[in-house]
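> build me a model:
(2 chains)
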Amino acid sequence: MTDTETKSIGYYLRTHIREYGMVVALVAILAFFQVLTDGIMLKPVNLTNLFLQNSYIIIMAVGMLLVIVGGNIDLSVGSVVGFIGALAAVMIVNWDLPTVFVVPACLVVGAIIGAAQGYWVAYWRIPSFIVTLAGMLVFKGLTLALLGGASVGPFPDVFQGMSSGFIPDFFGGLIEGRFNLFSMTLGVALAAILPIIGLRSRAKQAKFAAVEEPMVVFVTKHAVAGIAILFVTYLLSTYRGLPNILVIMAVLIAIFTFLTNSTTLGRRIYALGGNEKAAKLSGINTKRLTFFTFANMGMLAALAGLVFAARLNTATPKAGLAFELDVIAAVFIGGASMSGGVGKVIGAVVGALIMGVMNNGMSIIGVGIDWQQVIKGLVLLAAVIFDVYNKNKA
Amino acid sequence: MDTILEMKNITKTFPGVKALDDVSLKVERGEIHALCGENGAGKSTLMKVLSGVYPHGTYDGDILYDGGVQEFKDIRDSEDRGIIIIHQELALVPLLSIAENIFLGNEMSENGIVNWPATFARTGELLKKVGLKENPATLVTNIGVGKQQLVEIAKALSKKVKLLILDEPTASLQENDSQKLLDLLLEFKAQGITSILISHKLNEINRVADRITIIRDGKAISTLDARGGKITEDDIVKDMVGRDMAHRYPERTPNIGTDKLMEVRNWSATHPLHPERKVVDNVNIDVAAGEVVGIAGLMGAGRTELAMSIFGQSYGTEISGEVLINGKPVDVSTVEKAIESGLAYVTEDRKEMGLILEESITTNITLANLDGVAENGVLNDGAERSVAEEYREKINIRTPNVAQKVMNLSGGNQQKVVLSKWLFAAPEVLILDEPTRGIDVGAKYEIYTIINQLAADGKGVIMISSEMPELLGMCDRIYVMNEGEIKGQLAAKDASQEAIMRMILKA
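Predicted structure coming up:
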């Protein structure tokens, strides 16, 4: 390796310290708890639980990232989770409507809720903090009204399967405890496809200009990601296979990563958050974009609401309480900027996983809920201080 | 007469620009010392060094003040020694009262409890001193800019000022307010207060200044003794400009099309908050292919408002009128449509409205034409970077890497990024609003070259500028605007600063 190459790798890593720092932090925290819990942390059953427990936070973090990058915030998502869960319960349990109808209907209702809030933010320029604070109260109240103060459940199996089911092993029956070959195959396929996609995009870039990311970084990144995917799917396959919800999440993450990184729509959202006036004067319809980010958030909050209700197998008036705080914390731990324009989908996901791993790990080793809160708060603060420190140093 | 301040060999560098290059300045006790120079010459930077905005250690050289070398850490430090600076942009809190503003950060208090009666009494005295007849309890937002300026000065007086620095204090004042302020300066002088006055208005300087130091391109060129009235405005201008007019602007042989490329007919717009104020009033202008047309006028003449209301109704309400391109009426009701119709507008405020500072050069350049680097809404990274590289080369953006964040570039290079953005959108007509504001002389020349190239490529260029020499040097034709109306137009060969001023002042 020549001297200039080494230098450019150093420069590249320095300028991207946040992205890689996050992943390193996640791995370190995982390792820390793996030791502290005597290996329980990475047991297949615990790993499965980890995904099930955090799925709804991750789903919402993806949407919240767009809202925050656009320069806004949505405090209502926790209440929307509760409301949609209640709505689904009332429709399925009380009214006997079929799940195949209820699920899309609830997603549409979620999108409408998001759109209704986004309308005031985008077209009337009412601060999102206030609009969604109002939404938070409204939907918390409506949840209570819908449920009449009591829990409604249980749900039919199909509905529950959304969050507690596993993808079947098409290669050989549905025997529990047997190695799930199909899940493993999916993992291997994913681990193989990612570097191919990466290489193709590098080749496309190279046609026009020198590729920015050094090859060494590229190889290391994909090697680590590949090993992690194979490792996780292997562990999960020895238990019951890939949870349905993990597949839903992976698809969402893929869609939104693509949307933010590679589409004009995504670019425009970053421009909107980075400098709204400049974006507007560049011909970007900033109002419509803001509106879109909220509608999208509403739909994802609805999905999270369905997943959460399915997981509990009942809709309770307390569902979704304070979820918005976990979601927002995940996005900021993931490196988004409060003033908008900065942040990555994968960062928000890693941020949510860091929170999830800490919750899970601390519970296993018996840290009380009191100290868990304290530690999580400090981690959030530390992550943001790290950001600001990096920015000042640059 | 003794020296109150001596700044010795001050050098201050920003990334990519040497703002001050070995500048020395000597101010005598009790005089009014004027600092002159073009925009971006380094006057304000020098004063920021003096007042500790740029603390000791961030510049080279020494500050000798009141008998000793000073190492100011911040503004507070210099204020404690009696150096008070009043910035161009007023630093008052609009929704606090005059009294609260004057004693902000310096409250008359005991154990943290404000003594309001004493505060109001003292404010009354100070206001009398600066000749402002207002109730100390009046909110600052409710008084005019001229009076706000006086509040700033009263605030300075409250701090036992020895050296008062005024950065373009009359820039936004009406004539009679300006006169009052200058009289006040003379009065302070009689009381023994030393002042440094930064101003563009040479007649004002001639009226009050004892000595004048001229700064150009970050260097102190000369110090003139203005006592006795021997100095003329021409003497000052000569040192300010340096080279003769002929070489400040690149050569161009105009090749102007015969037909009107763009025509604006009967254009009017109203102030968004004050519906009774017509900010643009029945304006008719046009530009031909290959032509550079200037719009001259004073601050507040309505030039920016005209441009922005044409560009997708970005300013104003009740907009009426017609825009024609190549003789056909076009829809410019949104920015998107205006861009589609072939218009581009380069804002006067590139940091606030032109650039996304946190983003890369590449991202900024493609922002107005993302579809040009995308297929079905999917961006092509490679194509995007090659576009950025193309413009970096073509218009000479000085950067090691197009992935560099725009905030790390100098003003001139930032302006080149904004221009690149609009060039990539491939417009027919470009409206450039103060295209060389706040950038150094060398970069100005490059911007002028780009403008000439645009005209040579058959684009129509409309250039708004407050610097009359720039309009005279660049334009084929100059419209003169005042109070929202076009007062007339001048062909390049008939235009002069006097002719433009006469046209502005003609009722």
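
> so what pLDDT did the closest residue to chain A within the stretch 251-400 of chain B get?
At 3.2 Å from chain A, B:Gly382 is the closest residue in the stretch 251-400 of chain B, using Cβ to the nearest Cβ. The way it works is simple: take the backbone N, C-alpha and C, and place the C-beta from them, glycine included. Predicted confidence (pLDDT) for B:Gly382: 84.

> residues near it, how many?
By other Cβ atoms under 10 Å in any protein chain shown, the residues close to B:Gly382 number 19.

> quick check: closest non-adjacent residue to it.
Nearest non-adjacent residue to B:Gly382, counting by Cβ to Cβ, 6 or more residues apart in numbering or on different chains: A:Phe208, 3.2 Å away.

> surely that neighbour and B:Arg385 touch.
Yes: here A:Phe208 lies in contact with B:Arg385, judged by Cβ atoms under 8 Å, at a distance of 5.8 Å.

> among the two, which residue is more densely surrounded?
For A:Phe208 and B:Arg385, the more surrounded residue by other Cβ under 10 Å is B:Arg385, and the numbers stand at 24 against 18.

> how much space between the residue in the stretch 151-300 of chain A that chain B sits nearest to and B:Tyr479?
Nearest to chain B in the stretch 151-300 of chain A, going by Cβ to the nearest Cβ, is A:Phe208, at a distance of 3.2 Å. Distance of A:Phe208 to B:Tyr479, computed by Cβ to Cβ, to the nearest Å: 42 Å.

> where does chain A dip in pLDDT?
Where chain A drops to pLDDT under 70, the residues are A:1-7, A:172-178, A:209-210, A:393-394.

> enumerate the residues of it near chain B.
Residues of chain A lying near chain B by Cβ under 8 Å from any Cβ of the partner chain: A:201, A:204-209, A:212, A:262-265, A:267-268, A:270-271, A:274-275, A:277-285, A:341-342.

> so the most centrally placed residue in chain A: helix, strand or coil?
Geometric centre of chain A, nearest residue: A:Ile58, 2.6 Å, by Cα atoms, centre = their mean. Put simply, A:Ile58 is helix when judged by DSSP: H, G, I helix; E, B strand; the rest coil.

> any idea how far it is from A:Ile375?
A:Ile58 is 20 Å from A:Ile375, by Cβ to Cβ.

> now do B:Arg216
Going from B:Arg216 to A:Ile375 by Cβ to Cβ gives 60 Å.

> try B:Ile504
Counting by Cβ to Cβ, the gap from B:Ile504 to A:Ile375 is 67 Å.

> could you do A:Ile84 as well?
From A:Ile84 across to A:Ile375, the span is 31 Å (Cβ to Cβ).

> who has more neighbours, those two?
Just comparing A:Ile84 and A:Ile375: by other Cβ under 10 Å the higher neighbour count belongs to A:Ile84, 31 against 14.

> which other helices and strands contact the helix or strand where that one lies?
Using DSSP states H and E, A:Ile84 maps to helix A:77-89. On a contact count with 3 or more Cβ pairs under 8 Å, 6 or more residues apart in numbering or on different chains; DSSP states H and E, helix A:77-89 meets helix A:44-69, helix A:99-124, helix A:128-147, helix A:286-312, helix A:323-333.

> let's see it at 6 Å
Packing contacts for helix A:77-89, counted by 3 or more Cβ pairs under 6 Å, 6 or more residues apart in numbering or on different chains; DSSP states H and E, involve helix A:99-124, helix A:128-147, helix A:286-312, helix A:323-333.

> can you tell which of these is closest to B:Val402?
helix A:286-312 (25.2 Å; Cβ to Cβ).

> what residues sit buried inside that closest one?
A:286-287, A:289-312 (16 or more other Cβ atoms under 10 Å in any protein chain shown).

> thought A:Ser237 was touching A:Ala184, still the case?
Just to correct that, residue A:184 is Met rather than Ala. Yes: contact criterion Cβ atoms under 6 Å: A:Met184 and A:Ser237 qualify, at 4.4 Å.

> A:Leu26 against A:Val350, yeah?
Yes: using Cβ under 6 Å as the test, A:Leu26 is close enough to A:Val350 to be in contact (5.5 Å).

> okay, these two: which has more neighbours?
The residue with more neighbours, out of A:Leu26 and A:Val350, is A:Val350; 22 against 18, by other Cβ under 10 Å.

> against A:Ser262, how distant is that one?
20 Å.

> what do you get for B:Asp234?
60 Å.

> and what of A:Gly340?
Using Cβ to Cβ, A:Gly340 is found at 20 Å from A:Ser262.

> helix, strand or coil for B:Ala269?
Once three-state DSSP is applied, B:Ala269 turns out strand.

> count of residues packed around it?
25.

> tell me who's in contact with it.
Counting by Cβ atoms under 6 Å, 6 or more residues apart in numbering or on different chains, B:Ala269 touches B:279-280, B:309, B:316, B:319.

> tell me which of those residues is nearest to B:Ile431?
Lowest distance from B:Ile431 to the contacts of B:Ala269 (Cβ to Cβ) belongs to B:Ser309, with 11.1 Å.

> and the pLDDT for the closest residue to that closest one other than its chain neighbours?
Spatial nearest neighbour of B:Ser309, chain neighbours left out: B:Ala269 (4.0 Å); criterion: Cβ to Cβ, 6+ apart. Looking at B:Ala269, its pLDDT is 93.

> bridged to B:Ala269, which residues?
For B:Ala269, the beta-bridge partners under DSSP bridges are B:Val280.

> quick one: low-confidence ranges for the stretch 301-450 of chain B?
Across the stretch 301-450 of chain B, the ranges flagged by pLDDT under 70 are B:440-441.

> switch the cut-off to 80
The model of the stretch 301-450 of chain B has pLDDT under 80 over residues B:410, B:438-442.

> which bits of it sit near chain A?
Counting by Cβ under 6 Å from any Cβ of the partner chain, the residues of the stretch 301-450 of chain B lying close to chain A are B:335-336, B:339, B:353-356, B:358-359, B:367-368, B:370, B:374, B:377-379, B:381-383, B:385-386, B:389, B:403.

> mind telling me what element residue 35 is part of?
Looking at chain A here, since you left the chain open. Per DSSP H and E, A:Val35 falls inside helix A:17-36.

> not what I meant, chain B
Following DSSP H and E, one finds B:Leu35 within strand B:32-36.

> lovely, talk soon.
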